[in-house]
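Asks: got a predicted structure here, sequence first:
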Amino acid sequence: MDAFDGSTEMAKVSSENTGQTTRVMTFESLDLPTASYDGIWAMASLLHVLPEDLPGVLVKLGQALKPNGVLLATFKEGVDVRVDDKTGRRFTDVNAQTLQTWMSEIEGFQTVGIDHQVGADFEHRQTYWFTLTLRRVPEQTPELKSSGVPKKRTP
């Protein structure tokens, strides 16, 4: 098992709680070995990546999966990028259409499921979530489709 977090403080807490080194690394600077993981669990973590960067990040994660490897990622339900007033943390909220659009921009994955459920956030408030489950297609390397490369948003 490997673990990483974009926050030095969270990586320290993770290392202390698991007894294993948690690397400091962001999804945008992702550097993982190719075809090395049976599964990747990204619970409430990819939601901090900007929407225009997410298809590329999903590709990098997919390339790190072994053939038939599974990626599970969760996102809060919504329609845009927002910043939490209390914490200053950025969130990319999604709906099913957003997830389907991202997957249409990528080849090399089979979408196993896009599930919607009720859960809670860190303050125990009711929150709606999407879970995206993908499987790496054995004969393909995940990559962005040339016609579907997402455009950077301009401010």
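Replies: Happy to help now that I have it. Numbers count the residues shown, from 1 in each chain.

Asks: break the chain down into its structural domains.
Replies: With automatic domain parsing as the criterion, the domains of the chain are listed as 1-31, 37-148.

Asks: center of this protein, which residue is that?
Replies: L46 (3.3 Å; Cα atoms, centre = their mean).

Asks: okay, the host helix or strand of L61 in PDB with CA atoms only?
Replies: If you go by DSSP states H and E, L61 is part of helix 54-64. C-alpha atoms of helix 54-64 as PDB (Å, rounded to 0.1, in the frame of the first residue of the first chain):
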ATOM      1  CA  LEU A  54      -9.400  16.100 -13.400                       C
ATOM      2  CA  PRO A  55      -9.500  14.100 -16.700                       C
ATOM      3  CA  GLY A  56      -5.700  14.300 -16.900                       C
ATOM      4  CA  VAL A  57      -5.400  13.300 -13.200                       C
ATOM      5  CA  LEU A  58      -7.700  10.300 -13.800                       C
ATOM      6  CA  VAL A  59      -5.500   9.300 -16.800                       C
ATOM      7  CA  LYS A  60      -2.400   9.400 -14.600                       C
ATOM      8  CA  LEU A  61      -4.100   7.300 -11.900                       C
ATOM      9  CA  GLY A  62      -5.400   4.900 -14.600                       C
ATOM     10  CA  GLN A  63      -1.900   4.500 -15.900                       C
ATOM     11  CA  ALA A  64      -0.700   3.500 -12.500                       C
END
